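Asks: sequence plus predicted model, see below.
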Amino acid sequence: AILWIINELEPENIWLPSYLCPSILSAVIPTSARVQFYETNKQLKLKDVRFIKKVKRGDVFLNIDFFGFPFLEEEHSALIAEKAFVIRDCSQSLFFDPSKSSADFTIFSPRKFLGVPDGGILHIKQGIELDLPVLQEPPFESYFRLLGGSLMRREFDLHTGNRIWHQLLSDGENLNKPGDFRMSDVSQMLLKKAFDYAHIQTQRRTNYTILLKRLEGIALFPVLLDNVVPLGFPVVLKRRDLIQHELFKEEIYPPIHWLINGLVPEVFTESHELSATILTLPCDQRYQASDMERIAELLLGLIK
């Protein structure tokens, strides 16, 4: 979606937050536009708004709703939208209502919340006229691995066992390059028929609240806003890598969102400090209150 937007608009500059998923750069780097980073702080908020003066008319500006929490104040978003085309990346904010935003484009990634094999959703603001591409079939080599990994992950969640699903998903993602591919029929069917979305939202918020009561002191977002359905529960830890390894031993697998070393210039020190200390605890709909209490208890024991 990002690659298509950039190719259609042909901006002079693409503005990206200094904290971001490396996959975004896989769509941006092949373009002829110039990448400009703007600074985020260790709380994943704007470090300084003065860069907005440098945004040129026709530029593309991307912001991310990190972990489901809104990133930009609406007045800043509206100010940027006066000159630039705004992409709101809601890959970690599946339940955001794009009609409540001034963004021109809103991107969603159901995979991150629901485990479907592939596909994304692009919402385009009314009034923007662009030539939509003729979408191709999902690339087989990538899709085959993503589907197999998703099915095996489901079995792992239910019955444990080996973690070959992790390698399959990793291989599938590495093969899945940006392009004009449609979502598979399997993913579309699952999204329409297979999920209780009200339960998913409630359970994620409930689980986050339980963790917050125990781990408020290390939580990246110590307040759960009313309209937020969190992707996970990010914490900031001094011995992050060691603690992650110890949690792996307990069959708890918190990912790192994200490793940005070598991708984002070192001048953005707060982003790099966060990347070296952040860890995302699971709080999704697969888990119950007892699971959250167990995770909190183990983590508190490790950080003493």
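Replies: Arrived safely.
Asks: now do the SS call for residue 222.
Replies: The three-state label given to residue 222 by DSSP: H, G, I helix; E, B strand; the rest coil is coil.
Asks: burial count for the residue lying closest to it once chain neighbours are set aside?
Replies: Leaving aside its chain neighbours, residue 222 sits nearest to residue 216 (5.2 Å; criterion: C-beta to C-beta, 6 or more residues apart in numbering). Heads up, the C-betas are built off the backbone N, CA and C, glycines and all. Residue 216 has 10 neighbours, counted by other C-beta atoms under 10 Å.
Asks: give me the distance between residue 216 and residue 127.
Replies: Distance, residue 216 to residue 127, by C-beta to C-beta, to the nearest Å: 43 Å.
Asks: ok, which stretches of the stretch 51-200 of the chain are helices?
Replies: 74-81, 111-114, 140-159, 164-175, 185-193, 197-215 (DSSP state H, counting those that start in this stretch).
Asks: so for residue 279, which of those sits nearest?
Replies: helix 197-215 (11.1 Å; C-beta to C-beta).
Asks: buried set for that closest one?
Replies: In terms of neighbour count (16 or more other C-beta atoms under 10 Å), helix 197-215 has its buried residues at 200, 201, 203, 204, 205, 207, 208, 210, 211, 212, 214, 215.
Asks: just stretch 70-77 next, same as before
Replies: 70, 71, 72, 77.
Asks: tell me how far the last one lies from residue 19.
Replies: Put plainly, it is residue 77. Relative to residue 19, and taking C-beta to C-beta, residue 77 is found at 17 Å.
Asks: lowest-pLDDT helix or strand in this protein?
Replies: helix 74-81 (a mean of 78; mean pLDDT, DSSP states H and E).
Asks: what's residue 187 in contact with, if anything?
Replies: Listed by C-beta atoms under 8 Å, 6 or more residues apart in numbering, the contact partners of residue 187 are 110, 116, 117, 118, 119.
Asks: nearest to residue 290 among the buried residues of helix 197-215?
Replies: Ranked by distance to residue 290 (C-beta to C-beta), these are led by residue 210 at 9.6 Å.
Asks: state the distance from that closest one to residue 187.
Replies: Distance of residue 210 to residue 187, given as C-beta to C-beta: 30 Å.
Asks: and for residue 55?
Replies: 35 Å.
Asks: check residue 57 too.
Replies: Counting by C-beta to C-beta, the gap from residue 57 to residue 187 is 37 Å.
Asks: and the pLDDT for the spatially most central residue of the chain?
Replies: Compute the mean C-alpha point of the chain, and by C-alpha atoms, centre = their mean the closest residue is residue 92, 3.7 Å away. With respect to pLDDT, residue 92 has a value of 98.
Asks: so residue 85 bridges to which residues?
Replies: residue 60 (DSSP bridges).
Asks: that should have said residue 105, apologies.
Replies: residue 87, residue 124.
Asks: just give me the neighbour total for it.
Replies: Per other C-beta under 10 Å, the neighbour tally for residue 105 reads 24.
Asks: can you verify my assumption that it contacts residue 81?
Replies: No - the pair residue 105 and residue 81 fails to qualify as a contact (C-beta atoms under 8 Å) at a distance of 11.1 Å.
Asks: quick one: contacts for the nearest residue to residue 195 once chain neighbours are set aside?
Replies: Leaving aside its sequence neighbours, residue 195 sits nearest to residue 114 (C-beta to C-beta, 6+ apart; 5.9 Å). Each residue near residue 114 by C-beta under 8 Å, 6+ apart is listed here: 94, 190, 191, 195, 200.
Asks: could those go into TSV alongside distance to residue 151?
Replies: Output for these, formatted as TSV (distance: C-beta to C-beta, whole Å):
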residue	distance to residue 151
94	21
190	12
191	16
195	16
200	19
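Asks: most surrounded residue in these?
Replies: Going by other C-beta under 10 Å, residue 94 tops those with 22 neighbours.
Asks: residues near the closest residue in space to residue 138 that isn't next to it in sequence, how many?
Replies: Spatially, and ignoring its direct neighbours in sequence, residue 138 is nearest to residue 184 (4.8 Å; C-beta to C-beta, 6+ apart). Neighbours of residue 184 under the rule other C-beta under 10 Å: 18.
Asks: alright, calling it a day.
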